[in-house]
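[1] Let's see this in three dimensions:
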Amino acid sequence: MSDSYYVLDKSGQAEIRVKGSRFVAGAFSVSSVQEADAALAAARKADYDATHHCTAYRIGPEGHTFRYSDDGEPNGSAGLPIFRQIEGRELTDTMIIVVRFYGGTKLGTGGLVRAYGEAASLALDAATVREVIPRTRITIRFAYDDTSPAMHTIGQFDVLIADTAYSEETQLTLEVRTSELDVFLASFTEALSGRGFASGTAE
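    Numbers count the residues shown, from 1 in each chain. The predicted model follows:
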């Protein structure tokens with residue numbers, strides 16, 4: 001699993017005109033192939049009079065699920081340039097649809113590559129991005145006398161305290177950066193000389 005990855009926090013739109021043709025681009029978040037297919041279907045319905053609906057998406061923490069389509073444009077002239085904008089910015093769970101309204105003048109493969117790439121880039125410029133950090137939720141318990149070493153250990157890592165409960169022991173629900181989990185657990189055990197308890201599963 002990646003230590004972190006980037007997704008769109010807010011969608012973005014852009015429009016350019018090249019020799020009479022309009023290229024209208026939308027960049028937005030998707031979390032599954034089904035969601036991407038539904039978004040494309042909605043775009044085709046909304047802009048039914050458009051000449052082409054060219055797309056690209058990349059899904060999953062590693063971005064291993066991806067697809068791009070020229071939708072009738074010359075091979076490699078639309079979908080791939082759009083996809084390169086997503087990939088180049090290291091984004092995932094992201095889809096871009098560029099709708100072309102033909103203006104009567106052929107642009108050639110090079111012209112199409114530039115137009116689709118620019119429209120996609122501008123749409124991403126208009127969007128906002130956030131970092132996603134995979135975390136694992138765990139529960140730790142420790143005696144009052146071990147509060148100092150326990151909290152010191154927590155402070156050494158990227159940990160969010162989600163919940164706190166007190167009884168004979170202190171119980172904390174933590175969200176630990178997944179890439180740090182094993183080291184955190186080992187450090188917690190060492191700091192408390194094995195007196196503490198920790199359990200949890202990845203979410």
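[2] from memory Ser21 sits against Gly111, does it?
    No: taking contacts as Cβ atoms under 8 Å, Ser21 lies outside contact range of Gly111: 9.3 Å. From N, CA and C alone the C-beta is placed, and that goes for glycine too.
[3] So these two - more neighbours on which side?
    Per other Cβ atoms under 10 Å, whichever of Ser21 and Gly111 has more neighbours is Ser21, with 20 against 15.
[4] the helices in the protein, which residues?
    33-46, 79-88, 108-126, 147-155, 181-191 (DSSP state H).
[5] Any idea which of the ones you listed gets closest to Ile138?
    helix 181-191 (7.5 Å; Cβ to Cβ).
[6] So what angle separates the directions of the closest one and helix 147-155?
    Counting by axes from the mean of the first three to the mean of the last three Cα atoms, to 10 degrees, helix 181-191 points 160 degrees away from the direction of helix 147-155.
[7] model confidence over helix 181-191, on average?
    Mean pLDDT, taken over the full extent of helix 181-191, equals 93.
[8] Repeat that for stretch 34-53.
    96.
[9] what's in contact with that stretch?
    Around stretch 34-53, the neighbours that count as contacts under Cβ atoms under 8 Å, 6 or more residues apart in numbering are 24, 26, 28, 30, 55, 57, 59, 67, 70-73, 78, 95, 97-102.
[10] Point out where this protein drops to low pLDDT.
    1-2, 200-203 (pLDDT under 70).
[11] any idea how it splits into domains?
    As recorded under automatic domain parsing, the domains making up the chain are 5-131, 135-202.
[12] Just name the most buried of the ones you listed.
    Across the domains of the chain, averaging neighbours per residue (mean count of other Cβ atoms under 10 Å) puts domain 5-131 on top, at a mean of 18.
[13] Regarding that one, how distant is the last residue from the first?
    6 Å (Cα to Cα, to the nearest Å).
[14] Stretch 121-138 too?
    When the termini of stretch 121-138 are compared using Cα to Cα, they are 40 Å apart.
[15] and what of stretch 126-146?
    In terms of Cα to Cα, the two terminal residues of stretch 126-146 are separated by 50 Å.
[16] Stretch 130-144 too?
    End-to-end for stretch 130-144, by Cα to Cα: 38 Å.
[17] Any idea how far it is from the middle of the chain?
    Taking Cα atoms, centre = their mean, to the nearest Å, one finds stretch 130-144 lying 21 Å from the centre of the chain it belongs to.
[18] same thing with stretch 70-82?
    Going by Cα atoms, centre = their mean, where stretch 70-82 is centred and where its chain is centred differ by 23 Å.
[19] Pairing-wise in the sheet, spell out the partners of Ile16.
    Beta-bridge partners recorded for Ile16 (DSSP bridges): Phe23.
[20] Okay, it and Ala119: tell me how far apart.
    Summarising the geometry, the distance separating Ile16 from Ala119, computed by Cβ to Cβ, to the nearest Å, is 5 Å.
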